[in-house]
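S.K.: quick check, what structure comes out for this input:
(one chain, ligands or ions: 1)
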Amino acid sequence: MPDIRVKICGLSAEADIQAVSDAGAAYAGFVFFPKSPRNVTVTQARALALLTPPGLAKVALVVNADDALLDEITDQVPLDMLQLHGRETPERVQEIRARYGLPVMKAVGVASEEDLPALDSYGRVADQLLVDAKPPKGADLPGGNGLAFDWRLIAGRRWPVPWMLAGGLTPENVALAVQMTGARQVDVSSGVESAPGVKDAAKISAFAEAVRGI
Ligand SMILES: O=C(O)c1ccccc1N[C@@H]1O[C@H](COP(=O)(O)O)[C@@H](O)[C@H]1O
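M.R.: This is a model prediction of the structure:
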């Protein structure tokens, strides 16, 4: 069975980079969304990205970002991928791919069968899909809420591009989530924290260990 790739999102401290690297994760995510407890400035993200060892892909998470913000982030922060976690249309995904020349991962929130066609639409234009739980109505954050969705909804479904499973994953439930969905990549943020926005090295290690044990 091929290795399952892990993304740890919402890093904001030097120690987080070390913990994620030690855990053998494939992706490190930086959140550019002021309402998030994981928000980082461009200056902070640049410093963290420069500390990130080769082999750990650096992902910038943005929410409905305009070109000015994306210009600033991509000018200042060495990146390997952009994660679009807002209401970006398929056309906007294409525009961003063309403008920045970086792979784009589009997050799609899932709560019911009705949400699944969007994965097919974005699967035609994005480089990767992030299949996440749909945020509750009125939530401040479009992701990072520690909520899982009903994994049976995507059991056996496949898309033409690589995809990651996200939403409420933890060291305790990630093995079951992978078993039920067939995911080959998993993304976690709040499930490896000791408090909102504070990453916990022991939980990061336990998450990676749980994935290795699958
Ligand atoms: O983490 C955040 O604060 C965040 C803010 C805005 C959009 C997305 C965000 N996080 C992403 O949401 C999913 C699931 O997170 P969780 O594991 O349920 O906490 C993940 O992709 C995060 O990168």
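S.K.: now the strands for this structure?
M.R.: 5-8, 27-32, 57-62, 81-84, 104-110, 128-133, 163-165, 185-188, 193-195, 198-199 (DSSP state E).
S.K.: give me the sheet partners of the third one and which way each runs.
M.R.: Paired with strand 57-62 in the same sheet, following DSSP bridges, are strand 27-32 (parallel), strand 81-84 (parallel).
S.K.: I'd like those strands written out as TSV, with distance to Val125 added.
M.R.: The C-beta positions use only the backbone N, C-alpha and C, and glycine is treated the same way. Listed next are the strands paired with strand 57-62 as TSV, based on distance: least, C-beta to C-beta, whole Å:
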stretch	distance to Val125
strand 27-32	20
strand 81-84	11
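S.K.: for Ala177, find the nearest of those.
M.R.: Closest of those to Ala177 is strand 27-32, at 17.0 Å (criterion: C-beta to C-beta).
S.K.: residues making contact with the closest one?
M.R.: With C-beta atoms under 8 Å, 6 or more residues apart in numbering as the test, strand 27-32 has contacts from 5-12, 16-17, 20, 38-40, 42, 45, 48-49, 52, 56-63, 65, 69, 73, 77, 80-81, 83, 144, 187, 189.
S.K.: quick one, which of these are buried?
M.R.: The neighbour-count test (16 or more other C-beta atoms under 10 Å) applied to those identifies 5-12, 16-17, 20, 38-40, 42, 45, 48-49, 52, 56-63, 65, 73, 77, 81, 83, 144, 187, 189 as buried.
S.K.: pLDDT below threshold where in the protein?
M.R.: 1-2 (pLDDT under 70).
S.K.: what residues does it have near the ligand?
M.R.: 9-10, 29, 31, 33, 36, 38, 61, 63, 85, 130, 132, 141-146, 166-169, 187-191 (C-beta under 6 Å from any ligand atom).
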